[in-house]
Structures are given as C-alpha cells and as structure tokens.
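> dropping the sequence and predicted coords here.
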Amino acid sequence: ENIDVSNQLLNLKRSEARIFIMNVHSGYAKAVLRTAYAVGLVGPDYGWIVTDGTIKDAANLMNSTTNQFDQFTQGMIGFMSSVCCSSKRKEFLENWHTDTDGVSSNGSWAISKWGTETKSLQLQSRASLTYDSVWVIAHALDQVIYRENLKIVPPEVDYWSDPVRNYPNGTVIKNFMLQLQKFEGLTGQIQFDNKGGPVKKVYDLVNFRRKDVVKVGDWSPHSGLLMEENKTIVWNGQSEEIPTSAVRSLKGTRLRLGITQEKPFIMIDTNCTALDPSNKDCYSGLCIELVELLADLLEFDYDYVLSEDTKFGSPEANGTWNGLIKMLLEGKIDVGAVNFAMNKAREGAIDFTMPFINTGLVMTTKIKESKSDPFFWTKPFDIDLWYAILAFALLMVLLIWLYDHMSPFGFYGRRMHAALRCSCKSCEAFRCNKEPSGSDDEDECLFETRLCDPSENNEELMNVGNSLWMIAACLFSIGPVEGVPRNMSGRVILAMWWFMILIVTAMYTANLAAFLTVTRMENGINSISDLISQDEVKWGTVNGTNAEILLGAAKSSELEEVYKRMDSVGSVEE
C-alpha cells in the first residue's frame, strides 16, 4: 500500500473525467481508492470499474475492524470469471472439504467467504481458473502422447531462472488445446476460438456493497450483458443513479473560444467589432447560440478570439498547422467553437466533441436558367408519344365514320332500311332498279319522310368533319359536343378513346407540373469524371477547410487530378 498516486489522480480530477477503469491488484486498489476519496474522485457522481485482479482478492479491501468495505470502496462494479454454472463445482467443493490429505480447506488463496447471501465457503475464480488450466493442458498432452503417439521432448531449461523460449513442441500442444471440444470445468464449458479466446465463457458483473460483493448480472459472447431481475447497481453513497462522464459545471472558468466567420454558423458584424471586439452582440449564428446555451447550463464565462488567418485549420507542407488548429496547439485558445468537420488528419492533432450535424462533400455549380421556349407545353411527352396520340386520334375518326355508314343503326343505315320497307312506287322502282312511273296515287314515300324529318338533318351526320371535331373536343376535355354515334359499335370505339384520354391527361398534367417546377441545369456536370474532362467550368475549395484536407489526402487518380487543378480561395464570398 506504500504507493503515491496523488499527482495522477489530481490530473484526472482536472480532466473532468468521472468514469474510471482500474486494473490493479487488490493490495494496490485500497491505496488508490483511499487517495481518490481524499481528492474528491469518489462519490455518487463518479463510477469506478475494477477488473478480476481486484475482485478475486476482495477480502483484502475489507476493513478488519468493522468487517465491511470502507466508504471509498463501496459502489464499485467489475467483471470476474463466473464459477456458478458448472455441474462439477458442487462435487469439487464437497471433495475439497472432505479430503484431508490435500491442501487445507481454509486456504485463503482458494476459498473466500464473500459473494453469496448465505456466506458459505466459495471457490475463488482464480483457483477455479487454475484448476481448469491444469486440466486443459492435461487433456492436450493426453491427446498428443497417448492418442496421437507423438514424441514430446521436454525443454532443457531451468524453470526457476531462465524463461522457456522457442519450445519446439509448444505449437503442437497449443493446437490440440484449441481443438478441445465439450470439456466442462469448474468455470463452465471450455472451448477456444482460432485465436485462443474463450467461446463459451461467462463473466459475472458484481457490485461492491457495504458487507458483500453481490452479483447483479452476467456477460457472455453470445448473449451479451444480462442483468438479474430485482437487482440494481448501488453506486457510491448508496445512489442508484448511473454516473455520467458529462461535465456538470464549469463555474468560475473563463474560456477563450476561437471562431471564424462561416455563415450561417458564425456571422460577425465587422462594424460592431471595429468599435469593441469583446462585445458579444457582434456575433451571431448557430454556433454562437450553442455557446450561449452551454454557458448558461455549465455556468462559465468566455471571450471570442478570431482566427489569425481566418482559416479553420489544415496541415502545411512542413507538417505544421494553420488556422484555429494552430492556435489550439499553441495554447492561444481553449476551444474551437466553430463548425469543424472531422477527418483523420485533424483527429490526430486535436480532440472533437460529439458532432451536432452530419454533412458530406458535395459539388455545387452555378445554375443556368433555361431559355424561354414557345413549345414548352410539348416537353412533358416525347415526340414519339405525340405522334402516337395523333395517329390514334385519326384512327378513331376513321373508325367512327366507317361504323356510322356501315352499321344498320347509323345515319345511312336507317335511310337504307326505310327505302327497303317503303311501299311507294318510287321505292319499288328503286329496289327493282327501274324508272319510277310518276303516278299521282302512289303511297306516301317513307324514304322521303325520313329525309324531311328534322331529327335526320345533315348537321347530325357523322361525317369525317364531325367525327374529327368530336375526337378533338374529347382530347381537350371540351363538352358536351353535339352529334355522337347512335350505333353501339361507334359508341364502344368512342368509349375506348375516352379511357385513353383519361390516362393521357393525368400523365400530361403530372409531367407538366414537374417540368415547370424543376429548373434544369445545362452544364452537364454530374460526376467527378465530367468535371475533369471539361475546361469551361473552373473549380476550387476554401483554404483550410475539410474539403481541401480530404482532397489533398485522396488516393484516387480522379480526386488527385481535382486537387491538382483546383483554385482555392480564402473565403466562401470569394
């Protein structure tokens, strides 16, 4: 316990860290935790996670006077090898207690009295792992020597002075250990992957309470972390609230925040800063509002410091940095309060917070408005489709006219029917292909009556002109139109035309709306290949930005060409 870690713990306190992982032996753990408690790193707001090295000898952490864990030890959590799930465990413990010829049953290295509510003797995980390790090696040697009949040469080395190196049969034994299948030890099923890691290993999640170490869950490679029902983690100070690594207060701290203008994230009123650069009203934008919100929550003061070269920060040819990153590295500012983009080069030089917005690299060009076109209304359809609509319309005109003339219910069909059933002399002569006699006592001519009927006038006649007018009126949704086919065949053809017009009108309306809404670009640059294959459009980035850094580090031949030929500018306004 004679170790001094005060300086290290004070550095951790200044770093505002609140979650700590400690991997030391329990003999050192008590000294570390006592010092941490003295400097204020132990409490409800802090979380300590320990490893098997501390947990397996947890009895060393108990106070010998009170027979319970000290205040600075309570609330810790950690993982240890599970010894709960083996069917051989109970049998082994019974043999351990009854066998008087072996090691004494109260050996402190193997037996502990903590970890269960009944306080019965339990086998420590270290002893269980040692027991299983011996059996794994024994199974491998049995397989090598007695089953495979391989010759094993003992290493000629003094085990107490020189380490065993380059043992020729070591790889053979290890390979048989990796092939071990369906072996159950005190720690459960034992099986290894190709790299020697455990496949079916289970670890217990334990929590240090006042007088005991309680299992609150377990973890395995297949199921992950599973918490036990009705058991929660009790942190230091008997708190059940999970500690967080977030900073809760910076009261009394004054930060120097580096900024540079980048609309809409940071906007600087130069007229205002010329009078008083420290006036916070001179600065606005999204990042400025985030700073104001954080200042209210964490209670810190701040001053804005402008970038010396107006750049965010990018590496120079000599390995140094410019912009705000240079000022951070030189200690001229504490935080870069700008819309920094994260990349590998920058992450190697400075630390980033969690991003508040995710963006990618895009290529933007100036939009050229399309010239006015008097035939813009034809753009929604291709020329082939317009020809198809026109051809279909002419076909409809021809079919309607033919059906009206050929059908017995059409205009001429009704007159021919009247002529065939009329009993006057003229119609009889007509039917017999003779000249009419001209007698005055002949019956009334039914055919002539049809011709004189006002409802049978020529205006209603489905001739080519009237058919064309009706088809055009339907195409442009104009109606009602006088003169429609009276025969069923003509009406079926007209219904087909109506259905087609319904579909065509819906498609045309949608395409026309899209055509009038979207402004189409005429530069024809849609990819990096299009960009470097032309000379009309020039391109570039802003100096010190993420785009410049990424293009400079790109390995693609196309991106290297883009970086080589681009013209960088100092700001977006340029």
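Yep, that arrived.

> contacts and neighbour counts: CA atoms only from here.
Will do.

> hey, which helix is longest across the protein?
helix 488-517 (DSSP state H).

> could you point out which element follows that helix?
helix 528-532 (DSSP states H and E).

> that next one: which residues count as buried?
531, 532 (16 or more other CA atoms under 10 Å).

> quick check: phi and psi on residue 396?
Backbone torsions for residue 396, taken as degrees, to the nearest 10, come to phi -60, psi -40.

> residue 498 is in contact with that one, correct?
No. Using CA atoms under 8 Å, residue 396 makes no contact with residue 498, being 10.7 Å away.

> okay, those two: which has more neighbours?
Using other CA atoms under 10 Å as the criterion, residue 396 and residue 498 rank with residue 396 on top: 20 against 16.

> look up how far residue 49 lies from that one.
Here residue 396 is placed at a distance of 85 Å from residue 49 (CA to CA, to the nearest Å).

> who are the packing partners of the helix or strand containing residue 386?
Taking DSSP H and E as the criterion, residue 386 maps to helix 383-406. Other elements packing on helix 383-406 under the criterion 3 or more CA pairs under 8 Å, 6 or more residues apart in numbering; DSSP states H and E are helix 411-421, helix 464-475, helix 488-517.

> export those to JSON lines and tack on mean pLDDT?
JSON lines is the format used below for the helices and strands packed on helix 383-406 (pLDDT from 0 to 100):
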{"stretch": "helix 411-421", "mean pLDDT": "62"}
{"stretch": "helix 464-475", "mean pLDDT": "77"}
{"stretch": "helix 488-517", "mean pLDDT": "83"}
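
> looking at the ones you listed, which is nearest to residue 199?
For residue 199, the closest of those is helix 488-517, at 58.5 Å, according to CA to CA.

> quick one, the closest one and helix 464-475 angle?
50 degrees (axes from the mean of the first three to the mean of the last three CA atoms, to 10 degrees).

> and the angle from helix 488-517 to helix 383-406?
160 degrees.

> what is helix 488-517 packed up against?
helix 383-406, helix 464-475.

> can you list the helices and strands packed on helix 383-406 in JSON lines and add distance to residue 271?
As requested, the helices and strands packed on helix 383-406 are exported to JSON lines (distance: least, CA to CA, whole Å):
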{"stretch": "helix 411-421", "distance to residue 271": "88"}
{"stretch": "helix 464-475", "distance to residue 271": "64"}
{"stretch": "helix 488-517", "distance to residue 271": "40"}
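
> out of these, the one nearest residue 7 is which?
Per CA to CA, nearest to residue 7 of these: helix 488-517, 66.9 Å.

> give the buried residues for the closest one.
489, 490, 491, 493, 494, 497, 498, 501, 508, 512.

> quick one: which of those residues is nearest residue 470?
Nearest to residue 470 among the buried residues of helix 488-517, with distances taken as CA to CA, is residue 494, at 9.4 Å.

> which stretches in the stretch 201-350 of the chain count as strands?
Under the criterion DSSP state E, counting those that start in this stretch, strands of the stretch 201-350 of the chain are mapped to 203-208, 213-220, 224-227, 254-259, 267-268, 283-284, 301-306, 335-336.

> which stretch among the ones you listed is buried most, on average?
strand 203-208 (a mean of 23; mean count of other CA atoms under 10 Å).

> elements contacting that one?
strand 77-81, strand 213-220.

> quick check: mean pLDDT of it?
Averaged across strand 203-208, the pLDDT comes to 89.

> switch to numbering from 40
Right, with 40 as the first residue, what we last looked at is strand 242-247.

> what comes into contact with that strand?
The contact list for strand 242-247, computed with CA atoms under 8 Å, 6 or more residues apart in numbering, reads 108, 112-121, 252-259, 272-273.

> quick revisit: for the helices and strands packed on helix 527-556, give me TSV that also has distance to residue 304.
Converted to TSV, the helices and strands packed on helix 527-556 look like this (distance: least, CA to CA, whole Å):
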stretch	distance to residue 304
helix 422-445	48
helix 503-514	54
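
> which of the ones you listed is buried the deepest?
When these are compared using mean count of other CA under 10 Å, helix 503-514 is most buried, at a mean of 17.

> where in the chain is pLDDT low?
For the chain, the stretches flagged by pLDDT under 70 are 40, 122-125, 136, 138-164, 196-205, 406-412, 447-502, 518-523, 557-563, 610-613.

> my read is that residue 217 contacts residue 237, right?
No. Using CA under 8 Å, residue 217 is not in contact with residue 237; the gap is 9.8 Å.

> can you list residues touching both of the two?
Contacts common to residue 217 and residue 237, judged by CA under 8 Å, 6+ apart, are 230, 231.

> residues near residue 131, how many?
Neighbours around residue 131, by other CA under 10 Å: 12.

> and the host helix or strand of it, what does it pack against?
Take DSSP H and E as the rule and residue 131 turns out to sit in helix 127-137. Here helix 127-137 touches no other helix or strand, going by 3+ CA pairs under 8 Å, 6+ apart.

> in that helix, what's buried?
128, 132, 135.

> what about the closest residue to the first one other than its chain neighbours, distance to residue 177?
Meaning residue 128. Residue nearest to residue 128 in three dimensions, not counting chain neighbours: residue 225, with 5.2 Å by CA to CA, 6 or more residues apart in numbering. According to CA to CA, residue 225 stands 15 Å off from residue 177.

> before we move on, what about residue 81?
45 Å.

> these two: which is more packed in?
Ranked by neighbour count (other CA under 10 Å), residue 81 and residue 177 place residue 81 first, with 25 against 13.

> residue 373: neighbouring residues, count only.
17.

> SS state for the residue most central in space within the chain?
In the chain, the residue lying closest to the centroid (CA atoms, centre = their mean) is residue 397, at 10.7 Å. Classification of residue 397 using DSSP: H, G, I helix; E, B strand; the rest coil returns coil.
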